[in-house]
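A.B. asks: Build me a model:
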Amino acid sequence: MVVASCCCQSLALQAETVIKIEPSMVHVRQTGEREWSEFSEGPDASEFRGHFFLEKTLPAPGVISFEQQDVKQTWVVSINGDSLGRLVRDENAMRVTYEVQPDQLTRGLNELRVHASSDTPDDIRIGRAFLILKTKEDYLTQRKLSVKVTESGEPVPSRITIINEQGALQTTGLVSSDKHAVRTGVVYTADGEAEIGLPSGKYTVIASRGPEYEIDQQEVDLNEESSGFLEFSLSRTVSTSGWVACDTHVHTLTHSGHGDSTEDERIITIAGEGIELPIITEHNKQINYSKRQAELEMSSWYTLVTGNEVTTKWGHFNIWPVKPGETVPKYKGSEWNTIFNDINAVSPEIVILNHAEDLHSGYRPFGRENRHRLTGRHLDGWELEANAMEVVNSGAQQSDMMQLPRDWMVCLNRGQYLTPVGCSDSHDVARHFIGQGRTYIQADDSHPGMIDVEQAVKSFREGRVVVSCGLIPMVTVEEIYGPGDLVPENLDNTLSLQLDISTPNWIKCDQYQVYMNGELVPSVSSLAESGGEIQNVKLSIPVPDHDVHLEVAVFGPGVTSLHWPIAKPYQPDSPHWESKVFGITGPIWYDGNGDGKRNSAREIAVKLWEQAKHKTQAAIVLLKEYDRAVALQLAELVHTSGQSMQSAEFRQFLKQQPDHVELAFLDYWDEWRMSEIARIEKKR
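C.D. replies: Alright, predicted model coming up:
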């Protein structure tokens with residue numbers, strides 16, 4: 001008879017030969033302040049130590065199985081000092097397994113230990129830990145579950161998510177192959193079919209294929225039966241006809257050297273999440289795996305495009321389309337001018353600024369120490385020679401989901417005509433999975449395996465896009481104009497706007513926001529929280545007598561279901577975070593002055609400055625009929641001309657101006673001061 005101790009108590013085993021190590025979940029943080037406010041300020045321990053007693057050593061290998069939650073850093077798992085491996089770096093709840101050899105256990109007291117390998121704070125939970133007296137293969141293949149996924153009766157690539165009774169992703173006995181990409185609790189299937197080994201138990205199984213589809217969720221009890229069969233039927237409920245689903249930021253472990261997705265796994269997962277135009281952007285490489293895609297019989301599901309993430313010390317830039325095997329841009333330039341000269345030497349049509357608020361190699365492209373956040377001026381005088389910018393990156397979320405969209409709208413105000421981009425930055429199969437962030441490009445998508453790349457590139461450059469992280473807002477102005485269009489002057493100074501939001505049942509939308517030149521337009525913005533139906537909003541928007549750009553953003557509560565969970569921020573600046581789904585349209589321009597051109601707030605401010613012959617007060621008086629965005633740009637022109645913005649005389653003059661003008665100048669100055677402080681602190 002084998003006996004175990006748990007929490008200093010002994011218990012007799014049943015015939016199942018399961019030895020309890022820790023029945024509850026333990027909050028562990030190795031050092032520092034708490035990472036997320038959902039955790040208590042004080043952890044239960046700085047590392048996990050679970051003890052159990054064996055009356056005799058094992059005659060054959062066994063399995064250590066436990067649940068982990070919220071793991072972001074590297075944690076080492078050991079038994080009696082011998083390493084078993086590491087926790088899975090994944091914030092989702094999951095049950096993991098480690099095989100333990102007989103000579104790693106001892107007669108008497110044994111210790112399971114999980115400890116961090118660095119001092120970076122990481123709040124995690126570990127528990128519900130057991131030693132199972134079976135081999136890992138026997139344990140994970142006790143039962144067999146066969147699944148089949150179809151759309152309109154035909155097999156379809158999809159994602160299968162397996163969740164156990166405790167609500168955690170369940171490790172399976174299936175491994176990746178040329179038909180499957182497998183991770184803990186997740187199976188992507190190339191042909192809609194899979195036979196999955198599982199331990200005995202009850203499971204919730206979800207079939208999915210991205211945000212355009214309803215999920216099919218079923219329960220199965222494998223406690224008594226040796227096998228089970230589930231057939232799933234997926235239906236597309238969100239129509240995106242005429243819009244190509246594109247992920248502009250796609251990686252593999254095979255070619256980028258980090259993450260966990262092999263090339264074969266990536267080929268399967270792209271189809272499984274319904275991406276029609278993936279841009280392959282390995283770091284400083286130009287890779288295309290169309291040949292392998294054809295060998296795996298996946299060519300009809302999407303059109304591959306070769307790109308390159310030009311990864312420099314001063315920012316990361318995705319370029320596409322480029323040719324595999326041809327000249328790769330140099331990436332060791334000392335500033336943007338050199339870097340963009342090297343990029344332009346290969347003549348890519350699209351250049352995207354990636355994750356502009358993230359810190360890489362000690363540099364944050366749009367950090368306050370480098371850029372005036374209200375006017376877009378680079379404080380070292382560098383010019384951004386890109387034509388697109390990521391506004392949501394589902395693999396590198398921001399604490400404030402609107403930070404990057406605001407940054408982007410400031411770029412538009414400055415005259416930097418950047419197409420907004422949604423992407424996944426996925427290096428993984430399941431942790432930060434492909435296609436959660438995506439860009440819908442206005443182009444023919446009737447044959448996903450034969451997308452007209454030239455047409456897609458043209459629409460992309462023109463801003464005919466919708467950015468999505470779960471929500472897909474479709475907007476028309478004056479009934480016919482959409483993203484990328486220039487709406488003619490309207491003598492009534494009002495525009496009619498229609499917003500259509502369609503979602504599957506598992507995604508909700510409860511709010512919209514309308515922006516004009518980056519400023520929130522006051523309007524009723526709440527919606528009845530709903531999913532699985534089309535919501536229509538009709539608005540009348542007052543517009544000024546000068547040019548502006550309009551965008552509509554939509555929001556909803558974040559998806560928590562483990563088939564499509566929204567990831568936590570990559571580099572959080574707060575322990576407080578509210579998960580959301582999101583979408584935003586490309587810019588719709590209004591030709592307020594009737595000249596048939598797009599005039600940015602910067603261009604308007606420069607004209608006013610010239611009209612006033614660089615006389616500060618004369619220029620400011622002209623701002624009465626212009627918006628805050630124009631006033632901010634003029635404030636920069638005044639400041640850089642050498643005008644003191646702190647003199648009593650100047651401040652008194654500002655008080656005599658309309659509120660939006662005075663506040664714009666005060667806000668400009670406050671932001672400039674904060675930037676100067678940030679630059680001083682960076683040099684220390």
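
A.B. asks: Specify the local secondary structure of His549.
C.D. replies: Classification of His549 by DSSP: H, G, I helix; E, B strand; the rest coil places it in strand.

A.B. asks: Flag every buried residue along stretch 419-428.
C.D. replies: By 16 or more other CB atoms under 10 Å, the buried positions in stretch 419-428 come out as 419-428. C-betas here are computed from N, CA, C, even on glycine.

A.B. asks: just checking, which of the residues you listed belong to helices?
C.D. replies: Counting by DSSP state H, the buried residues of stretch 419-428 place none of their members in helices.

A.B. asks: okay, these in JSON lines with pLDDT next?
C.D. replies: As requested, the buried residues of stretch 419-428 are arranged in JSON lines below (pLDDT from 0 to 100):
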{"residue": "Thr419", "pLDDT": "98"}
{"residue": "Pro420", "pLDDT": "98"}
{"residue": "Val421", "pLDDT": "98"}
{"residue": "Gly422", "pLDDT": "98"}
{"residue": "Cys423", "pLDDT": "98"}
{"residue": "Ser424", "pLDDT": "98"}
{"residue": "Asp425", "pLDDT": "98"}
{"residue": "Ser426", "pLDDT": "98"}
{"residue": "His427", "pLDDT": "98"}
{"residue": "Asp428", "pLDDT": "98"}
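
A.B. asks: Inside strands: which ones of the residues you listed?
C.D. replies: Secondary structure of the buried residues of stretch 419-428 is defined by DSSP state E; positions in strands are 419-423.

A.B. asks: returning to that earlier point: going by distance to Ile64, which of the buried residues of stretch 419-428 wins?
C.D. replies: Asp428 (24.0 Å; CB to CB).

A.B. asks: State the distance from the closest one to Thr262.
C.D. replies: To Thr262, Asp428 is 11 Å away according to CB to CB, to the nearest Å.

A.B. asks: again with Gly42
C.D. replies: Counting by CB to CB, the gap from Gly42 to Thr262 is 41 Å.

A.B. asks: what residue ranges in the protein score low on pLDDT?
C.D. replies: The model of the chain has pLDDT under 70 over residues 1-16.

A.B. asks: Between Gly42 and Thr262, point out the one with more neighbours.
C.D. replies: Taking neighbours as other CB atoms under 10 Å, Gly42 and Thr262 compare with Thr262 leading, 16 against 8.

A.B. asks: so who does that one touch?
C.D. replies: 176, 252-254 (CB atoms under 8 Å, 6 or more residues apart in numbering).

A.B. asks: Whichever of those end up buried, select them in ChimeraX.
C.D. replies: Selecting the buried subset of the contacts of Thr262 in ChimeraX, with 16+ other CB under 10 Å as the burial test, is done by:
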select :176,252,253,254
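
A.B. asks: any idea which of the contacts of Thr262 is closest to Asn341?
C.D. replies: For those, the nearest to Asn341 is Thr252 (28.9 Å; CB to CB).

A.B. asks: how close does the closest residue to Tyr515 other than its chain neighbours get to Gly586?
C.D. replies: Closest residue to Tyr515 apart from its sequence neighbours, by CB to CB, 6 or more residues apart in numbering: Glu551 at 4.6 Å. Distance of Glu551 to Gly586, computed by CB to CB: 8 Å.
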